[in-house]
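>>> got a predicted model here, sequence first, then my questions.
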Amino acid sequence: PARRRTGLPEQRRGPRLTTPDDDLESPVPTAPGSRQGPPAVGEVLLAFDFGTRRIGVAVGQTLTGSATAIGALPCKHGTPDWAAVDTCIAQWAPARLLVGLPYNMDGSETTTTAVCREFGAQLAERSRLPVAYVDERLTSNAAYDELRDERRSGARARRIRPEDIDANAARLILTTWMTQ
């Protein structure tokens, strides 16, 4: 029989169940990159790179410090496909969600920063999970550069698609949060 390791939390599968009388803290922090308490050992995280056409998604774990781009979800005219978002959250059962906030190089907000905050607020309301915002300055450029280098070195066989860039940008958002 399999032996259970003590001290490590059991990884959950399936949707997180809550009851109406659960005492939940405010799920949306106000400061970019803010955390709601320290991450638990082995905590699963989902990061989102929100865009008006696609939402890049990455999954990570705090125990190993790993982050993996898992794909992009559809978004039409700035409206997310909430069924796809809910399915993704149910599939990975994260303990926390991360949303990238775009800023200009001088630190001022871009035209999409407010839309990303609204997406994060809706995520928190729908999932009842804590949402942290991460400064995502230049993540899409860095994501493209990484993928281009992989393609040039032969590590990546197929061409770079916009969905790949969005998912890799979400991975960079997650990596940024874990290293802060």
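Sure, I can see it.
>>> which strand of the chain spans the most residues?
strand 66-76 (DSSP state E).
>>> and that strand, what does it pack against?
strand 54-61, helix 82-92, helix 162-179 (3 or more CB pairs under 8 Å, 6 or more residues apart in numbering; DSSP states H and E). Yep, even glycine has a C-beta here, placed from its N, CA and C like the rest.
>>> contacts for the longest one?
Residues from elsewhere that reach helix 162-179, judged by CB atoms under 8 Å, 6 or more residues apart in numbering: 33, 35, 39, 45, 47-49, 51, 53-60, 62, 65, 67-72, 98-100, 132, 134-136, 139-140, 142-144, 146-147.
>>> which positions within that helix qualify as buried?
163-178 (16 or more other CB atoms under 10 Å).
>>> among these, which two are most distant?
With CB to CB as the measure, no two of the buried residues of helix 162-179 lie farther apart than Glu163 and Met178, at 23.1 Å.
>>> residues of stretch 73-85 that come out buried?
Buried residues in stretch 73-85, counted by 16+ other CB under 10 Å: Leu73, Cys75, Pro80, Ala84, Val85.
>>> the first one contacts Gly51, doesn't it?
No. Look at Leu73 against Gly51 with CB atoms under 8 Å: they stay out of range, at 10.0 Å.
>>> off-centre distance for the longest strand of the chain?
Centre-to-centre, strand 66-76 and its host chain are 8 Å apart (CA atoms, centre = their mean, to the nearest Å).
>>> next: stretch 97-106.
For stretch 97-106 - counting by CA atoms, centre = their mean - the centre lies 12 Å from the chain centre.
>>> stretch 83-95: how far from the chain's middle?
11 Å.
>>> any weak-confidence spans in the chain?
1-41 (pLDDT under 70).
>>> quick one: contacts for the most centrally placed residue in it?
Nearest to the mean C-alpha position of the chain, by CA atoms, centre = their mean, lies Ala47 at 0.5 Å. Each residue near Ala47 by CB under 8 Å, 6+ apart is listed here: 57-60, 67, 97-100, 134, 170-171, 173-174, 177.
>>> parallel or antiparallel, which strands does the strand or helix carrying it pair with?
Taking DSSP states H and E as the criterion, Ala47 maps to strand 44-50. Here strand 44-50 has these sheet partners by DSSP bridges: strand 54-61 (antiparallel), strand 96-101 (parallel).
>>> need those strands in CSV (columns: mean neighbour count and distance to Thr111).
Formatted as CSV, those follow (neighbours: other CB atoms under 10 Å; distance: least, CB to CB, whole Å):
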stretch, mean neighbour count, distance to Thr111
strand 54-61, 24, 17
strand 96-101, 25, 12
